[in-house]
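Asks: Have a look at this prediction, sequence included:
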Amino acid sequence: FIHKFYLRKSSTNSETKQYDCQCVNSLNLETRKPIVKLKVIAFSLQRIITLSDNVIQVLNSINLQIIQNKRLKNIVTFAISNQSIQGASVDMCTSTKRNKIQIYRLDRADINLKQEISVPDLIISLAMDECGILACSETNYYGYIPPVNNERRSTNSLRTIFTLNDASIPACFTNISSGEYLLNGPSIGVPTTLEGTSERAPIMFASQPYSFTYSHPYLIVLVDDHLHIYSYLDDQLVQKIPLKTCRTVLNIPEENRNTLLLHNKDTIYLVESSNIEEQIDQLLNSYRLQEALALAESTCPSNETRQNNSLVRSTKTRIGLIEFAAMNVIRALSLFDEVRLDFHEIMINIPNFLPLKSAWPELDESNRSQYVQWLTAFCDFMIKRADEFSRQPDYYSSLLKAYLVIKSRDKIIQFLESHAASIPLDYDHLLFNARLYHGAAIVYSAHDKHEQTLDIWRKIVLKEYPVDDETFPGIWIIAKYVLERDIDRAVEFSIAKWLLEQNEEESAIKIFIAKHENELNSDIFCSDRVISLLKSYPTALRSYLEQAAFKLMIETDDIHTALVNIYLDQLLSKSQDNNEYTRSKLQEFLIKSNSYRIQSVLSRINQTNKLKREVALLYGKMNNFEQAFQILVNELEDFEYAENYCIALSNGKCSEDRKIVAHVLFRIFLTSLDKNPEQITVVLLRLLCNNEIEFDFLEVLKRLPSHWSIASITDILIRAVRTYSYTQRSTKLELALNRVQNENLSVKLTKLKCANITVNEYRRCKHCLHQFYETSCVVYPDGSQVHVHCAKQMNN
């Protein structure tokens with residue numbers, strides 16, 4: 001009999017699943033012996049193959065009706081290929097009592113013999129796939145690969161793969177994959193291909209099986225009173241199920257689940273495995289990580305599909321997190337990188353990491369060592385994939401929190417200097433908690449919170465925090481910060497004032513000078529306000545006045561006179577040995593500046609006899625050249641300085657004024673010639689040969705002493721001739737250029753006079769728009785005509 005059942009899971013909450021079985025059809029084949037084998041084939045063919053009393057019959061799988069004229073006799077066993085031909089036919093192989101294997105093609109209409117193979121023994125079991133046929137007798141296993149030409153009578157013979165020398169060992173096998181099988185041997189399973197080769201080692205069984213089947217990735221083995229389940233991934237026995245007198249086992253393929261049908265004499269059992277996810281969970285919970293990964297990867301046919309398979313990726317992720325928690329960080333990072341894990345998944349598994357804004361707890365030495373390993377691995381992973389992760393808003397914040405544990409304080413500051421703009425302001429308490437006050441200031445600075453930044457730095461300088469921050473570079477950074485940014489000017493002024501109070505006068509002066517805009521009282525940095533502030537800081541005041549005069553170019557008599565008075569105060573208060581530098585600066589300032597009150601300065605200098613040279617400079621500034629050179633030449637006898645001062649006075653003057661200054665000095669030297677003839681003669685000759693001083697050499701030659709020889713004044717004469725020649729040539733060139741210009745203008749005027757200008761009653765003045773009643777008019781360069789009186793009015 002054949003019975004067709006409908007099997008349905010019943011709704012129940014018990015751990016053991018219940019099924020409802022309903023017989024929907026039955027058929028009596030009317031054979032003398034029981035049915036020994038039954039196979040449902042190709043769903044599209046809707047056929048059932050039965051073997052009873054050595055006869056194969058074909059039935060319709062829907063209504064269990066026998067398909068007539070489709071009977072095969074003298075059949076010992078049969079097998080159906082797992083490959084259908086275009087969905088409409090399938091190959092089947094049979095073993096006959098005449099020691100032959102026959103290959104048929106079965107379709108909905110007929111069974112056709114394709115090939116017949118002779119065999120040495122009676123074949124009791126067969127398997128067929130697209131690669132060929134595996135057959136076994138009671139003592140031997142055979143493999144057969146069909147020829148390419150598909151001749152009906154094959155000359156190829158079966159290849160003996162394995163021989164059983166013990167008749168008590170049942171011959172059985174199972175198909176592992178296409179062309180790959182597992183054969184039953186003496187307490188071992190022998191993997192093989194149809195060629196009789198294999199790269200896999202045999203499986204050692206705990207007990208001698210008498211039947212088994214493969215249900216990926218497990219091998220289901222029937223032994224006495226038990227069902228043994230082996231993992232085909234590592235050949236380990238993973239489960240034993242008590243089951244008495246079980247005769248056969250059948251695998252029902254399902255996605256991510258293994259389902260088996262077993263039966264003994266009276267009962268059919270359905271055995272379901274946990275789904276693949278539950279199995280992986282169990283392996284991971286028992287720390288069998290490699291087995292779990294192998295199980296997940298076994299669901300993918302190739303390495304390419306494994307990379308994108310969700311089950312493999314999730315398993316690798318979980319293994320990585322387990323390894324990470326177990327401090328196997330190198331293995332964990334390798335898995336994280338393979339699955340391209342998001343760094344948030346790692347943060348969740350680091351204790352006390354989240355929330356990011358929370359501070360780290362106090363860590364003892366043992367905890368710190370563990371955290372350092374975790375966080376170092378975490379940071380390495382983050383930095384390696386910075387191009388991908390840095391787009392996320394909390395990337396740099398996460399690194400900062402990790403660095404607070406594993407990095408030195410200087411390294412943290414370097415990190416903040418580069419990435420503070422990417423760290424929100426509300427993370428400042430982490431830095432304050434770590435006593436990185438300078439780091440908090442950097443974060444505020446990156447977000448343009450200038451007042452808060454400067455306030456933190458001031459507190460560090462004034463030691464208002466519990467401990468000193470050794471990462472603070474120094475008070476100079478406050479001045480540098482103010483100089484490089486445009487912040488509130490009142491804040492800038494207050495910082496400069498505070499720097500003065502901290503004896504950082506140089507930094508304060510830099511701010512006063514750099515932030516000066518104008519001399520209006522509305523500018524908080526105007527010189528009057530700054531000078532009043534600097535009165536109690538003489539060194540700073542002098543520096544400010546010098547920079548105000550020479551750098552800011554402020555031309556006010558108050559500033560220039562105040563600076564001169566400061567120089568005088570220092571000269572009059574210090575010893576002769578220490579005032580040369582100050583005196584040289586005073587002299588330079590007296591020469592260059594035109595804004596100090598000369599009479600006021602002169603009256604103060606005249607109170608002492610030590611500053612004769614400065615008196616001479618002041619007379620020169622008042623254009624009293626005679627008196628200035630008298631002091632330098634006759635009183636101080638500083639001839640070289642007098643010559644240099646003559647050059648300084650000549651700068652910026654016209655040619656005639658330069659000659660006036662030079663001739664005054666020349667006359668002074670001539671009148672002093674009798675006092676020191678030799679020295680004055682040398683000075684005079686050098687003066688007259690100095691190309692930076694301009695003379696009227698006709699006047700000079702008239703005044704030269706008559707007793708001087710021609711040889712002594714040769715250089716003077718040469719310079720005089722060259723000067724005269726240069727002047728003559730320049731004059732001629734200038735006259736020639738003027739003559740050419742005049743000729744060009746004359747030609748242009750002649751052309752204008754010769755041009756005909758038509759004036760009639762229809763033309764109108766460009767300005768008043770009235771007609772012309774007189775013959776004279778003014779013609780503009782653009783050709784327009786206007787009345788003479790209109791042109792005069794417009795040009796006045």
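Replies: Noted; the coordinates are in hand.

Asks: Is the most centrally placed residue in the chain in a helix, a strand, or coil?
Replies: Note on the chain: the residue nearest the mean C-alpha position is D387, at 5.2 Å, using Cα atoms, centre = their mean. Following DSSP: H, G, I helix; E, B strand; the rest coil, we place D387 in the helix state.

Asks: again with M794
Replies: helix.

Asks: ok, now A167?
Replies: A167 - assigned by three-state DSSP - is coil.

Asks: what distance separates the start and the end of stretch 471-488?
Replies: Between the opening and closing residues of stretch 471-488 there is a gap of 27 Å (Cα to Cα, to the nearest Å).

Asks: Could you pull out the buried residues of it?
Replies: For stretch 471-488, burial by neighbour count (16 or more other Cβ atoms under 10 Å) applies to T471, F472, I475, I478, A479, Y481, V482, I487. In this view, the C-beta of every residue, glycine as well, is placed from N, C-alpha and C.

Asks: The nearest residue to the last one once chain neighbours are set aside: what's it in contact with?
Replies: Closest residue to I487 in three dimensions, ignoring its sequence neighbours and counting by Cβ to Cβ, 6 or more residues apart in numbering: H450, at 4.3 Å. By Cβ atoms under 8 Å, 6 or more residues apart in numbering, the contact set of H450 is Y444, Y481, R485, I487, D488, V491.

Asks: now with 10 Å?
Replies: By Cβ atoms under 10 Å, 6 or more residues apart in numbering, the contact list for H450 reads Y444, Y481, V482, R485, D486, I487, D488, V491, E492, I495.

Asks: Among these, which one sits closest to Q627?
Replies: Of all the contacts of H450, E492 has the smallest distance to Q627: 48.0 Å, by Cβ to Cβ.

Asks: which SSE is that closest one in?
Replies: Here E492, judged by DSSP states H and E, is contained in helix 489-501.

Asks: quick one: buried residues of that helix?
Replies: Counting neighbours by 16+ other Cβ under 10 Å, helix 489-501 gives E492, F493, I495, A496, W498, L499, L500 as buried.

Asks: Quick check, pLDDT for the residue lying closest to D468 once chain neighbours are set aside.
Replies: In this structure, D468 finds its nearest non-sequential neighbour in I460, 7.8 Å apart by Cβ to Cβ, 6+ apart. Note for I460: predicted pLDDT of 95.

Asks: Number of residues surrounding I460?
Replies: A total of 21 residues lie near I460 under the criterion other Cβ atoms under 10 Å.

Asks: angle of the helix or strand hosting it against helix 489-501?
Replies: Element membership of I460 [criterion: DSSP H and E] is helix 450-461. With axes from the mean of the first three to the mean of the last three Cα atoms, to 10 degrees applied, the angle from helix 450-461 to helix 489-501 works out at 10 degrees.

Asks: Check which residues of helix 450-461 are buried.
Replies: Quick answer for helix 450-461 (16+ other Cβ under 10 Å): H450, Q452, T453, L454, I456, W457, R458, I460, V461.

Asks: and if you look at stretch 107-118?
Replies: Under 16+ other Cβ under 10 Å, the buried positions of stretch 107-118 are I111, K114, Q115, I117.

Asks: Return the alpha-carbon coordinates of the helix or strand hosting S314 using PDB.
Replies: Following DSSP H and E, one finds S314 within helix 310-325. Extracted C-alpha coordinates of helix 310-325, given in PDB (Å, rounded to 0.1, in the frame of the first residue of the first chain):
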ATOM      1  CA  SER A 310      24.400  38.600   6.600                       C
ATOM      2  CA  LEU A 311      24.700  35.500   8.700                       C
ATOM      3  CA  VAL A 312      28.500  35.300   8.200                       C
ATOM      4  CA  ARG A 313      28.900  39.000   8.900                       C
ATOM      5  CA  SER A 314      26.800  38.900  12.000                       C
ATOM      6  CA  THR A 315      28.700  35.800  13.300                       C
ATOM      7  CA  LYS A 316      32.100  37.400  12.600                       C
ATOM      8  CA  THR A 317      30.900  40.600  14.400                       C
ATOM      9  CA  ARG A 318      29.800  38.600  17.500                       C
ATOM     10  CA  ILE A 319      33.000  36.600  17.500                       C
ATOM     11  CA  GLY A 320      35.000  39.800  17.200                       C
ATOM     12  CA  LEU A 321      33.200  41.400  20.200                       C
ATOM     13  CA  ILE A 322      33.600  38.200  22.300                       C
ATOM     14  CA  GLU A 323      37.400  38.100  21.400                       C
ATOM     15  CA  PHE A 324      37.500  41.900  22.200                       C
ATOM     16  CA  ALA A 325      36.000  41.300  25.600                       C
END
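
Asks: Check which helices and strands the very next helix or strand once past that helix sits against.
Replies: On the C-terminal side of helix 310-325, the closest following helix or strand by DSSP H and E is helix 329-339. With contacts taken as 3 or more Cβ pairs under 10 Å, 6 or more residues apart in numbering; DSSP states H and E, helix 329-339 sits against helix 289-297, helix 303-308, helix 310-325, helix 343-348, helix 365-384.

Asks: Right, I'll call it a day here.
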